[in-house]
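S.K.: What follows is a predicted structure for the sequence shown.
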Amino acid sequence: MARRAASLLSHWSSRVFSVELDGAPTYFAVREKRRGEDAPRVFDAVRRGDRCFSVLVWSSDRVRSARFHAQLKDRLLGRLPAGCRLSPMSSFLPNVRDSLIKGYFLKADSPSSSPTERLLRDFSQRDPLLVCSYLNPDNDQVWTQQLWPDADRDGTPRVLYVVPSEAPQEHPSTLNLINSDVFYSFEEAQAVLKQCGDIIPEAASVLELLPSRAEARSEPDFPVIVVEGLDATGKTTLTQALRDALGAALLPSPPRCLSPWRARFDQEPPLIRRAFYALGNYITAENMRQEATKAPVIVDRYWHSTAAYAIGTALSGPPSSLPAEGSEVYRWPGDLLQPSLVVVLTLDGEERKRRLRNRAQGETEEEQQLDHNHLFRLRVEEAYHRIRGPACVTVDAGPSADQVLQQVLLLIRDKCQL
Ligand SMILES: Nc1ncnc2c1ncn2[C@@H]1O[C@H](COP(=O)(O)OP(=O)(O)OP(=O)(O)O)[C@@H](O)[C@H]1O
Ligand SMILES: Nc1ccn([C@@H]2O[C@H](COP(=O)(O)O)[C@@H](O)[C@H]2O)c(=O)n1
């Protein structure tokens, strides 16, 4: 832990900081203070005289970091004085994988900054937090950053100038996607659940259900067809019709054996939640293999869902903020059985909402987000289309259920010689 902290601080001046002020990111860096220098204006949304702080979560224990970050907003909001504004913040080393740390930027009105300061000093001594205070003492052009506890052991406060920085080419969250949001091997996902054992007792039950190891191995005897798509695009309707039309086995994903634990893991931060869903795919792969010795297999969601939802959630903004097509984040895990065909159902947004209203079932939090956040929906859809090995085939789910079925049967006959 001490070594990671030292390395974090020794690269501090190479870091870029991103604060979401009024919904748009402001990027800045810090460097040694030079007296009398006029640094350019950085915090446009911050008034002269405001007192600001940043609180970043850091710990060498990634499970602890993830859970602490997930609770941090509520903990801060529960104890900070009224009038203190919180904005999401992160810090990263440009182009350095896994260098992203996350937290919040706090703006306190000057009269109430002392209680905030006391609270944050208290937090920084007890919790895996790195707190900085920001001042514009001279005029409203020059901002400085001071690290707590003071980095220089001789007691001299480490004061750095805040200077604007260019927006990175890739969304900063891309740096930590691999093996934190999307897992590309059984071992990597399993390692997260093993690490959770002492804080989430249910993790042991999930680990017991897993195959002893995973490998993609040879092609199944009968074709395996996966149906993907956002909620209410018609996956259940189509997969049931395909099962009946082809005399196939129908497998849900996540697999039924994980149902008792799903709600529990849905409450966890992305690192743990995504590892749970990733492992579900390896159980589904074993079930596919067994069923495909007897008949064709239809699967409702699989790896495309796991990866596309994870990528769409980790990033923000329009689909152009996603890693470019061909990026390694869209690759298929080398040890996960590949289906013969993946069909993604797409549906006009208004028609999808109409079907959701008609169905009037309870929505999960992520489904509600899909509804409320148009950009999130676009990111997930775009990520679906960028995933490779196998790539998905898009089918318009707008026509009647029977027309969609006929269209997919044609595809299956063409691609799987069924
Ligand atoms: N082609 C279609 N035309 C009109 N309505 C449809 C069609 N396909 C499905 N529906 C209806 O739309 C609603 C959503 O369909 P369905 O439950 O099959 O979607 P889903 O993708 O499985 O959803 P979820 O992922 O949320 O479980 C249902 O009420 C269903 O009857
Ligand atoms: N293989 C899978 C299957 C599902 N998910 C996640 O589940 C949510 C959608 O599932 P529904 O049962 O509501 O259709 C969504 O959050 C997916 O991320 C998954 O990750 N992998």
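M.R.: That came in fine, so what should we check first? Numbering: from 1, shown residues only. Ligands and ions are numbered 1, 2, ... in the order given.
S.K.: what does the stretch 101-250 of the chain put close to ligand 1?
M.R.: Residues of the stretch 101-250 of the chain found near ligand 1 (Cβ under 6 Å from any ligand atom) are 229, 231-237. Any C-beta I mention is one placed from the backbone N, CA and C, and that applies to glycine too.
S.K.: ok, now with 8 Å
M.R.: 229-239 (Cβ under 8 Å from any ligand atom).
S.K.: between those, which is closest to ligand 2?
M.R.: Proximity of those to ligand 2 (Cβ to the nearest ligand atom) peaks at D231, which lies at 5.4 Å.
S.K.: doesn't L356 make contact with that closest one?
M.R.: Yes: counting by Cβ atoms under 8 Å, D231 touches L356, with 7.3 Å between them.
S.K.: follow-up on the earlier one: of the residues of the stretch 101-250 of the chain next to ligand 1, select the buried ones using a ChimeraX command.
M.R.: Buried residues within those, by 16 or more other Cβ atoms under 10 Å, are selected in ChimeraX with:
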select :229,230,231,232,233,234,235,237,238,239
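S.K.: What residues does the residue in the stretch 301-418 of the chain positioned nearest to ligand 1 make contact with?
M.R.: Ligand 1 sits closest to R355 of the stretch 301-418 of the chain, with a gap of 3.5 Å, by Cβ to the nearest ligand atom. Applying Cβ atoms under 8 Å, 6 or more residues apart in numbering to R355 gives the contacts 232, 234, 347.
S.K.: Secondary structure class of the first one, three-state.
M.R.: Right, the one you point to is A232. Classification of A232 using DSSP: H, G, I helix; E, B strand; the rest coil returns coil.
S.K.: Help me confirm that it comes into contact with R354.
M.R.: No: contact criterion Cβ under 8 Å: A232 and R354 do not qualify, at 9.0 Å.
S.K.: Which pLDDT value goes with Q368?
M.R.: Listed pLDDT for Q368 reads 65.
S.K.: Kindly present the contacts of R355 as a markdown table, with separate columns for pLDDT and distance to E20.
M.R.: Shown next, in a markdown table, are the contacts of R355 (pLDDT from 0 to 100; distance: Cβ to Cβ, whole Å):
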| residue | pLDDT | distance to E20 |
| --- | --- | --- |
| A232 | 91 | 30 |
| G234 | 96 | 36 |
| L347 | 94 | 31 |
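S.K.: of those residues, closest to Y277?
M.R.: A232 (19.4 Å; Cβ to Cβ).
S.K.: which residues does that closest one contact?
M.R.: Going by Cβ under 8 Å, 6+ apart, the list of residues near A232 reads 347, 352, 355-356, 359.
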